[in-house]
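Asks: Whatever this is, show me its structure:
(6 chains)
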Protein chains: 6
Amino acid sequence: MLHSILHSLDKTFSFKTASAHCDIPCKIYDPSTAQICALSMVRLVDLINEISDKEEMTTDDHAQLVRLVNEKETHGTKLKDEIRVIWGDYFKQPQIDKYPDIHTLVHQLMMQTSKGKQKVNREETIKILELVNDFATIFWETKGVATYVATCPYPPSLAVVYPKLDAL
Amino acid sequence: MLHSILHSLDKTFSFKTASAHCDIPCKIYDPSTAQICALSMVRLVDLINEISDKEEMTTDDHAQLVRLVNEKETHGTKLKDEIRVIWGDYFKQPQIDKYPDIHTLVHQLMMQTSKGKQKVNREETIKILELVNDFATIFWETKGVATYVATCPYPPSLAVVYPKLDAL
Amino acid sequence: MLHSILHSLDKTFSFKTASAHCDIPCKIYDPSTAQICALSMVRLVDLINEISDKEEMTTDDHAQLVRLVNEKETHGTKLKDEIRVIWGDYFKQPQIDKYPDIHTLVHQLMMQTSKGKQKVNREETIKILELVNDFATIFWETKGVATYVATCPYPPSLAVVYPKLDAL
Amino acid sequence: MLHSILHSLDKTFSFKTASAHCDIPCKIYDPSTAQICALSMVRLVDLINEISDKEEMTTDDHAQLVRLVNEKETHGTKLKDEIRVIWGDYFKQPQIDKYPDIHTLVHQLMMQTSKGKQKVNREETIKILELVNDFATIFWETKGVATYVATCPYPPSLAVVYPKLDAL
Amino acid sequence: MLHSILHSLDKTFSFKTASAHCDIPCKIYDPSTAQICALSMVRLVDLINEISDKEEMTTDDHAQLVRLVNEKETHGTKLKDEIRVIWGDYFKQPQIDKYPDIHTLVHQLMMQTSKGKQKVNREETIKILELVNDFATIFWETKGVATYVATCPYPPSLAVVYPKLDAL
Amino acid sequence: MLHSILHSLDKTFSFKTASAHCDIPCKIYDPSTAQICALSMVRLVDLINEISDKEEMTTDDHAQLVRLVNEKETHGTKLKDEIRVIWGDYFKQPQIDKYPDIHTLVHQLMMQTSKGKQKVNREETIKILELVNDFATIFWETKGVATYVATCPYPPSLAVVYPKLDAL
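Replies: Okay, here's the model as predicted:
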C-alpha cells in the first residue's frame, strides 16, 4: 500500500553522505533497539517477581525462572553492544566537543546495566532505561532531530524518548 | 532528567496483562527492529553499488564488498527471525480471524527477503521494506494503536510506518 | 571404505537443478534436524522430571536443571528456525496449491513449540514431534519421496517419519 | 495423523538409560547432522564452481560468491563441532577398546575438513563425506544398529550411510 | 608509548611462514584462552558454592545461580573448541610422532570438561586445568618455546603454564 | 604433572574477594584475549596482502579472501567486546581517578578498531595493537602487577605487553 509514496520519495530525496561515521560505514544508527532492551529488562524483573512472590514454586516455575533470567541477561548484553556501537562509531570529535560528558554517561550505562543484570531489582533496571533515554536525547540532538517523550505502547508502559518525525 | 516523569508514571499506570501472547511470554513486540533491518538492506545495496560502479576495484574495495554482503545477509536473517517471532507468538486465533491473509503476507515476506539476500537489487529490497511496513500497519491495528508514515531520520531516508503516540 | 561407490555414483548421476528453491539456493532441505530437536525436547522434559521428582535437590541438581532448561530452549528455537527455512524458502506456489493448509500447520508448529518451551510437559512436547512428523510427511510427498515410520534409535524412542531410500 | 501410534508406543516402550554418555547427558547422538554438513560442503563447491566458470562475474555473482564461501565455512565448522561432541562425549573406554583407530579417524576428519574449508575442491570435500560416513558406520556399530548405504534424496546425490530401522 | 619499538621490530623481523598449519591458516595458536576458560570454571564453582552454602536463597541468589551455571557452561564449551582447533589444525604428523599420546590427552580433556560442566565440583574443574596445562606444556615444547609455572594474577590464583619470553 | 603443585597451592592460598568488579562478578579480567585479537588483525592483513599481490586471482584466492576478511572482522568485534567488558565492569571510580584518560583511550580504541576493520592496512592495525598494549599496561598497573614487553611467540611477531609473574 505504500508503494507509490516510497517510489516518489526515493527519487526526490538526495541524501548527502558527508563522511563515514560507522563501522561499515552504513550510518543507520538508532537507539530504539537499546531502549527496547531496557524496557525488556524492567518487564522481565516484573515477571521474575511474579514467580518469586508465590508461596511455593512448581517445576514449571523453576524452569520459567531460568528462562526469564536468561532473557534479562541477553537483553542486558545486547543493550551494552548497541550503545557501544553508537558511541564507538558515531560519536567523533565534533559530537564529543559538544557533549563532553558522553564518555562518562556511556561508562555509567555499562556499570548500571551490569547492576541490572546482577540484581532482580526494578529500580535498578528503571535507572538503565533513564540513562538510555538520556543517551537517546543527546544522540538525536547531535543529528538535529527533535524528540518527545511518550509511554511505550506495550508493557512495562514506561516513558521513552522518541524522535519527532513529520508525517508524510 | 526523565526521572520524575518515569516514577510518577510507574505508579499511576496499572497495566492489565490479560493473557500470555509470547514465547516467554513478555508481550514486548515491536516491528521497529524488522523495519530497521529492511532499511539496512536497502542501504547496503546502495553501498555495494557504489563500489561495483567503480572502474577498478582495490583490495580495500574487495574486502569492503565482503563486509557489505555479510551485513546485508545478517540483516535479512534477523528480519526473518523478528517477523517469525511476532507472527508465531503474538498472532493467535482472534488476530488471524481479523486478518486472514496474515499467513500469506508472512510467507511472502520470507520469500521476498530471500530474494533480497540473493540479489544486489534496490527494487527487491524496497519490496521487503514495503511488506514489513504492511506487516507493521496490521500489527499496530490489532493492538488498537494508530500509525503514521514518516521518512526515517537516516539513510536511506525511506517511508516507514510508526505508531502514533501521545507526547506526555 | 565407501570411496569407490561414491566416485562411480558421482559420475553416473546427472542431477537436474530445475529452479532455485532456497535462500542460497542450495536445495539441501531435510526435516531430520527439526525432528531431532523435537525428540530432544521430549527427552529433556523426561530428564527435568527425573530431577524434580527427587525429595530434595542438591546444588548439582539445581545446576543441572538450569542446563536442561537451556537445552530445551535451544532446541525449541532451532526447531522453529529449521521449519521457518524449509517453509519460507522451499514451499512456493506449486507446493502451497497442493497443500493449502501448510501455512496453518507451520503457524501451529510455532505456537506449539512456544508452549513446549514455556512448560515442562511431556504431552505438549510430544505434540510438537507429531506436528513436525506431519510437516516431514508433507515435505517428502512434495518431493515424490515415500516415507515410513520407525522408532528412532535412541531415547526417547518415539515414532519418527523417515524417507524411504533404496539401498545401493 | 501419527497420534495414536505415538501414544501407544510411548507406553509400551521402557527405555533403559544405563549410564551417562554425554555432556548433558541426553544420549541423543546422531551423525546425520554432520553428514548433511558434508553434503552441503560438496554442494557449495559445485555452486561456487558454477559461478567461477563464467566468463565475467557480475556484482550479483561477486556477492553470491561471498555467501557461498560463508555457507561452506559455516558447515565445515558445524561438522567439526558435531563430530567433536559425539567423539568427546559418547566414545568412552569400551567403544575406544573396540575401535582403537577412532582417535586417528577423528583427527583426520578435522584436518580434512580444514582442507575442505581452505580450498574450493570437490575431491577434497568428497573425502570429508567419506570420512564422516566411516565415522557414522562405526558409531552405529557401537550401538548395535545395522546400516545401509543410499543416495541422499537431494543434491549432491551422493552415497550416505543410514541406520537400518524397522518400519512400524 | 610502544610505537618506536614496534616499528623497528616490524622491520628487523623476517618471519618465515614455512607451511600451512591452521584452518585459515593464520598460525596464531595460543592455549592461553583455554587456560583462562579452565580458571573461570574453577572460579565459577567457587562462586556457586558461596551461594549454595547459604541457609536460605533469595530471588537474587536464584537468579545469580542461573547466571553462574551458564557462564560455567559457556567456558566449558569454549575450552573444548579452543583445544579442538589447536589439536585439529596445528598438530600434524611430525607433532603426533613426537607426542603419540596427544590424541588420548585431548580425548581425556573433552571427557573431563564434560564432567566439569555436569557437576559443581572444584576437584573436577581443577583436573580440567591440569589437563589444559599439560596440553599447553606439550604445545610450547613442539614450538621450541620454554615454559614456566606461575600463579595466575587473579582468582582462583592457581598454577598456570606460561611461555618463557625474553623481555625486549 | 602439575597435580601436586596445584593441590598444595590451592590449600595455602586464601584469596580475599573484597568487592564486586565485574558483570558476574567473577574478577577474571585478562587483556591477553584482546591482544591476541589485535595480533590476528595484523596477521590477517599480511595474508590478505599476499593474495592481492598476485598477478591473477584464482577461485581459491577469491574464496580465501572472503575467509580472511571475515576473520579480520570477527577479531575486530571480539577485541571491542573484550575491551568494553574490562572497561565497563572493572574500571570503577578509583581506577578512573588514577587514570582519567581511560575513557578517551577506550573510545580511541573503538574508533581505531573500526578503521582496522574498514581498511586492509598494516599501519592501521598495528595502531590497534599499540592502543591495546597501552590499555594492558594501565590495566596491570591498577592491579599492582608489573609488566614487560616481549615479542609474541608466533606471527606477526610483534611486541606485546605481558604481566611479570614469579615462577613457582
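
Asks: Below-threshold pLDDT in chain A: ranges please.
Replies: A:1-22 (pLDDT under 70).

Asks: same thing but at 90, please
Replies: Within chain A, the stretches with pLDDT under 90 are A:1-25.

Asks: For it, what lies in contact range of chain E?
Replies: Neighbours of chain E within chain A, by CB under 8 Å from any CB of the partner chain: A:48-49, A:52, A:65-66, A:69-70, A:72-73, A:117-121. For every residue, glycine as well, the C-beta is placed using N, CA and C.

Asks: Quick check: ChimeraX command selecting the buried ones in the residues you listed.
Replies: Applied in ChimeraX, the following selects the buried portion of the residues of chain A next to chain E according to 16 or more other CB atoms under 10 Å in any protein chain shown:
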select /A:48,52,65,66,69,70,72,73,117,118,119,120
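
Asks: what about the longest helix that chain A contains, near chain F?
Replies: Longest among the helix segments of chain A by residue count, using DSSP state H, is helix A:59-85. Yes - using CB under 8 Å from any CB, helix A:59-85 comes into contact with chain F via A:80, A:81, A:84.

Asks: likewise stretch A:88-95?
Replies: Yes - Stretch A:88-95 comes into contact with chain F (CB under 8 Å from any CB), by way of A:88, A:89, A:91, A:92.

Asks: you'd agree the second one is up against residue F:112?
Replies: Think residue A:89. No - using CB atoms under 8 Å, residue A:89 makes no contact with residue F:112, being 11.5 Å away.

Asks: thinking again about what came up before, can I get the residues of helix A:59-85 next to chain F in CSV with neighbour count and distance to residue A:29?
Replies: Below are these laid out as CSV (neighbours: other CB atoms under 10 Å in any protein chain shown; distance: CB to CB, whole Å):
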residue, neighbour count, distance to residue A:29
A:80, 24, 16
A:81, 16, 13
A:84, 22, 12
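
Asks: Out of the residues you listed, which is nearest to chain B?
Replies: Distance to chain B across the residues of helix A:59-85 next to chain F (CB to the nearest CB) is lowest for residue A:81, with 13.4 Å.

Asks: So the closest residue in space to residue A:54 that isn't next to it in sequence versus residue C:75, what's the distance?
Replies: Excluding the flanking residues, the one nearest residue A:54 by CB to CB, 6 or more residues apart in numbering or on different chains is residue A:61, at 6.5 Å. Separation of residue A:61 from residue C:75 (CB to CB, to the nearest Å): 21 Å.

Asks: the more surrounded of these two?
Replies: In this view residue A:61 and residue C:75 are compared by other CB atoms under 10 Å in any protein chain shown, and residue C:75 has more residues nearby, 27 against 14.

Asks: Provide a list of residues in contact with that one.
Replies: C:37, C:38, C:40, C:41, C:44 (CB atoms under 8 Å, 6 or more residues apart in numbering or on different chains).

Asks: So which of those wins on neighbours?
Replies: residue C:38 (30 neighbours).

Asks: Contacts only, for that residue.
Replies: Applying CB under 8 Å, 6+ apart to residue C:38 gives the contacts C:75, C:79, C:125, C:128, C:129, C:132.

Asks: switch the cut-off to 7 Å
Replies: C:79, C:128, C:129, C:132 (CB atoms under 7 Å, 6 or more residues apart in numbering or on different chains).

Asks: circling back: secondary structure added to the contacts of residue C:75, as TSV?
Replies: Formatted as TSV, the contacts of residue C:75 follow (DSSP: H, G, I helix; E, B strand; the rest coil):
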residue	secondary structure
C:37	helix
C:38	helix
C:40	helix
C:41	helix
C:44	helix
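
Asks: Among these, which one lies nearest to residue F:138?
Replies: residue C:44 (45.8 Å; CB to CB).

Asks: Could you find the closest non-adjacent residue to the closest one?
Replies: residue C:72 (4.2 Å).

Asks: what's near enough to touch that neighbour?
Replies: For residue C:72, the contact set (CB under 7 Å, 6+ apart) comprises C:41, C:44, C:45, C:117.

Asks: Kindly report the residues of chain A close to chain F.
Replies: Applying CB under 7 Å from any CB of the partner chain, one finds that chain A approaches chain F through A:23, A:80, A:84, A:88, A:89, A:103, A:104, A:107, A:110, A:111, A:114, A:117.

Asks: Is it possible to mark the buried ones in these?
Replies: Buried members of the residues of chain A next to chain F, scored by 16+ other CB under 10 Å, are A:23, A:80, A:84, A:88, A:89, A:103, A:107, A:110, A:111, A:114, A:117.

Asks: quick check, nearest of these to chain C?
Replies: Nearest to chain C among these, counting by CB to the nearest CB, is residue A:117 at 15.9 Å.

Asks: That closest one reaches residue F:23, doesn't it?
Replies: Yes - contact criterion CB atoms under 7 Å: residue A:117 and residue F:23 qualify, at 6.1 Å.

Asks: Show me the helices in chain A, by range?
Replies: Taking DSSP H as the test, the helices found in chain A are A:3-12, A:32-52, A:59-85, A:93-98, A:102-118, A:122-142.
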